[in-house]
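Engineer: coordinates only, no sequence provided:
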């Protein structure tokens, strides 16, 4: 039986989007042989607009697009240029829209518009963009159900580890609490402070210099990214929550005097995101931990989540994000949902 085509539009061609296209090119044979799916990329967008080919971009063309400068797709003279996602969907007729645009926590745009228009036209969605979910989760889920389309967001939390899947598969458990280290940047900074003796300002400067910090540092330092992730976890567990519902204190609230005192006490500070399921409350704040605590042992760019249920404590640990890890999770969910078509 010939492989079944899965037509996709990729919105967002930054680090994750480019990693995804490279991954598809690298593994297309495996995907075709193992799952009977032929992934056909019919559109890609960056800040300059969409480039589309309703027949699907070939391997050589995709390689040329990967060589295009950031924000320069519309100037490559490859494919047809469009600026309205509705036109893109109507002309390419994709099975899936993949939203990999940057998170805009003020408006959710442009990802929110892309997602809503895709769902309204019966197009399935896979996203790594947290902002639309923490602003409009209930609306997006209701809309997708009403249009009978699939909506995957596994890669929004722990890009490299399927935490969302684990939570979904604990349906018979009574989950009491979810807590953990869900932002790799602040964990790197605090690891350098409490394990390696740097000052907080030195560690922040280093994180910025080596490129592990968001372009907007407040997303990391003020706990916005972590708050978005714990809000998505809450919604996954049936607790309606937006970003503004999460109590939030960032790591810049720590003084050097407090850091020195905690070091002398043998404590380690971590930025902990916590969801109290029974009280339906969530918070993000710096928490001093004993060195024996499981979460205290999670260092540098690793993340970890502890799920506390009536039966067990489950600790999930791994690389939380990164373009390659996020791309793998996006592709895995795309394949899984495409197989259900």
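Structural biologist: Now that the structure is in, tell me what you want to look at. No experiment lies behind these values; they were computed from the predicted model shown.

Engineer: got the contact list for the residue most central in space within the chain?
Structural biologist: What sits nearest the mean C-alpha location of the chain, by C-alpha atoms, centre = their mean, is residue 156, with 2.6 Å. Residue 156 makes contact with 127-130, 133, 164, 228-229, 232, according to C-beta atoms under 8 Å, 6 or more residues apart in numbering. For the C-beta atoms, the positions are set from N, CA and C on the backbone; glycine is no exception.

Engineer: beyond the helix or strand harbouring residue 167, next helix or strand please.
Structural biologist: Using DSSP states H and E, residue 167 sits within helix 163-168. Elements were assigned by DSSP H and E; along the chain past helix 163-168, the next helix or strand is strand 175-181.

Engineer: tell me which other helices or strands that following strand touches.
Structural biologist: strand 267-276, strand 302-309 (3 or more C-beta pairs under 8 Å, 6 or more residues apart in numbering; DSSP states H and E).

Engineer: turn those into JSON lines, columns for mean neighbour count.
Structural biologist: Shown next, in JSON lines, are the helices and strands packed on strand 175-181 (neighbours: other C-beta atoms under 10 Å):
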{"stretch": "strand 267-276", "mean neighbour count": "22"}
{"stretch": "strand 302-309", "mean neighbour count": "22"}
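
Engineer: out of the ones you listed, flag the one nearest residue 175.
Structural biologist: Smallest distance to residue 175 across the helices and strands packed on strand 175-181 (C-beta to C-beta): 5.0 Å, for strand 302-309.

Engineer: centroid-wise, who is the farthest residue in the protein?
Structural biologist: The centre of the chain is farthest from one residue, residue 264, which by C-alpha atoms, centre = their mean lies 36.3 Å away.

Engineer: torsion angles phi and psi at the nearest residue to residue 250 once chain neighbours are set aside?
Structural biologist: Excluding the flanking residues, the one nearest residue 250 by C-beta to C-beta, 6 or more residues apart in numbering is residue 222, at 3.7 Å. Main-chain torsions, residue 222, degrees, to the nearest 10: phi -100, psi 10.

Engineer: name every strand pairing with the lowest-mean-pLDDT helix or strand in the chain and say which way it goes.
Structural biologist: Across the helices and strands of the chain, mean confidence by mean pLDDT, DSSP states H and E is lowest for strand 313-319: a mean of 90. Strand 313-319 pairs in its sheet with strand 302-309 (antiparallel), by DSSP bridges.

Engineer: next one: the strand it pairs with to chain centre, how far?
Structural biologist: 17 Å (C-alpha atoms, centre = their mean, to the nearest Å).

Engineer: who's in contact with that strand?
Structural biologist: For strand 302-309, the surrounding residues in contact (C-beta under 8 Å, 6+ apart) are 158, 161, 163, 166-167, 170, 173-184, 187, 294-295, 298, 313-321.

Engineer: run the angle between that strand and strand 175-181 for me.
Structural biologist: 170 degrees (axes from the mean of the first three to the mean of the last three C-alpha atoms, to 10 degrees).

Engineer: which element is residue 25 on?
Structural biologist: helix 15-35.

Engineer: now do that helix, average pLDDT.
Structural biologist: Mean per-residue pLDDT for helix 15-35: 96.

Engineer: okay, the angle between the helix or strand following it and helix 15-35?
Structural biologist: Using DSSP H and E, the helix or strand that follows helix 15-35 towards the C-terminus is strand 37-46. When the same axes, to 10 degrees is applied, the directions of strand 37-46 and helix 15-35 differ by 170 degrees.

Engineer: strands paired with strand 37-46, and their directions?
Structural biologist: strand 4-11 (parallel), strand 49-52 (antiparallel).

Engineer: tell me the buried residues in that strand?
Structural biologist: Buried residues in strand 37-46, counted by 16 or more other C-beta atoms under 10 Å: 37, 39-46.

Engineer: count of residues packed around the nearest residue to residue 41 once chain neighbours are set aside?
Structural biologist: The shortest distance from residue 41 to any non-neighbouring residue, by C-beta to C-beta, 6+ apart, is to residue 57 (5.1 Å). Residues lying near residue 57 (other C-beta atoms under 10 Å) number 21.

Engineer: now residue 57: phi and psi?
Structural biologist: Per-residue torsions, residue 57: phi -70, psi 130 (degrees, to the nearest 10).
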